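Asks: got a predicted model here, sequence first, then my questions.
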Amino acid sequence: MSENNAKRRPIIIGVTGGSGSGKTTVSRAMFEALDGHSLLMVEEDSYYKNQDHLPMEERVKANYDHPDAFDTDLLIEQLQDLLEWKTIEKPVYDYVEHTRSQQVVLEEPREVIIVEGILVLNDPRVRDLMDIKIFVDTDDDIRLLRRIQRDMEERGRSLESVITQYTSTVKPMYHQFIEPTKRYADIIVPEGGENQVAIDILVTKVRDIIRNNQEFTNED
């Protein structure tokens with residue numbers, strides 16, 4: 001890594017919201033709009049704790065919307081490494097087996113790091129690493145419908161299992177842990193990926209920060 005890059009701290013953008021809110025869509029839209037810049041996407045889901053020591057019936061019953069489900073210490077450690085321009089070994093989560101995969105993904109540090117997940121604003125240690133904090137706010141009914149479609153099509157879940165999980169853990173945890181983090185957001189985006197105006201404003205802001213960083217480096 002060049003001496004100039006070592007002096008320029010990467011930008012971390014946190015994007016959160018309930019399951020099915022459109023936070024992933026917003027993150028990807030920003031990622032695509034910033035094409036040509038040095039970008040990295042870090043999904044909080046990758047940091048679900050390893051559960052291979054538990055039988056499958058226990059893994060299925062786990063509350064995946066509670067802060068304790070995540071290895072937040074590892075997420076913080078790896079974000080700090082990225083801020084120091086160090087390569088990380090990002091874990092891979094297996095949704096079918098309900099545990100962490102044996103695989104990892106080598107991720108090089110980038111100028112802009114988008115951290116996306118349901119609880120990325122919950123822990124103050126993670127929040128303190130962020131330059132921009134975004135909350136994607138979408139109605140409960142819409143989020144449920146999106147979750148049903150996603151989990152059945154992409155994760156092989158049954159309709160009954162999706163609804164049971166939603167009513168027993170997803171919705172209660174949203175109101176207990178996720179929705180309260182809205183107060184930490186710099187920007188609240190209603191209706192997720194459908195809100196192109198908000199996405200355009202966010203992209204403009206990020207470009208301004210990148211340009212300021214580049215001007216600082218050139219002056220140095």
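Replies: Nice, thanks for sending it over.
Asks: helices or strands up against the biggest strand by length in the chain?
Replies: Longest strand in the chain, counting residues (DSSP state E): strand 99-107. The contact analysis (3 or more C-beta pairs under 8 Å, 6 or more residues apart in numbering; DSSP states H and E) places strand 99-107 against strand 88-94. Yep, even glycine has a C-beta here, placed from its N, CA and C like the rest.
Asks: which parts of the strand it packs on are buried?
Replies: I88, K90, P91, Y93 (16 or more other C-beta atoms under 10 Å).
Asks: cool, and stretch 137-151?
Replies: D137, T138, D140, I142, R143, L144, R146, R147, I148, D151.
Asks: secondary structure and pLDDT for those residues - can I get that in JSON lines?
Replies: Shown next, in JSON lines, are these (DSSP: H, G, I helix; E, B strand; the rest coil; pLDDT from 0 to 100):
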{"residue": "D137", "secondary structure": "strand", "pLDDT": "92"}
{"residue": "T138", "secondary structure": "coil", "pLDDT": "86"}
{"residue": "D140", "secondary structure": "helix", "pLDDT": "83"}
{"residue": "I142", "secondary structure": "helix", "pLDDT": "85"}
{"residue": "R143", "secondary structure": "helix", "pLDDT": "84"}
{"residue": "L144", "secondary structure": "helix", "pLDDT": "86"}
{"residue": "R146", "secondary structure": "helix", "pLDDT": "85"}
{"residue": "R147", "secondary structure": "helix", "pLDDT": "84"}
{"residue": "I148", "secondary structure": "helix", "pLDDT": "90"}
{"residue": "D151", "secondary structure": "helix", "pLDDT": "84"}
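Asks: among those, which one lies nearest to R211?
Replies: D137 (28.9 Å; C-beta to C-beta).
Asks: so where's the chain uncertain?
Replies: Residue ranges of the chain with pLDDT under 70: 1-7, 215-220.
Asks: give me the contact list for the lengthiest helix in it.
Replies: When the chain is parsed with DSSP state H, its longest helix is helix 196-219. With C-beta atoms under 8 Å, 6 or more residues apart in numbering as the test, helix 196-219 has contacts from 4-5, 7-9, 11, 13, 26, 29-30, 33-34, 37, 111-112, 131-132, 134, 187, 189-190, 193.
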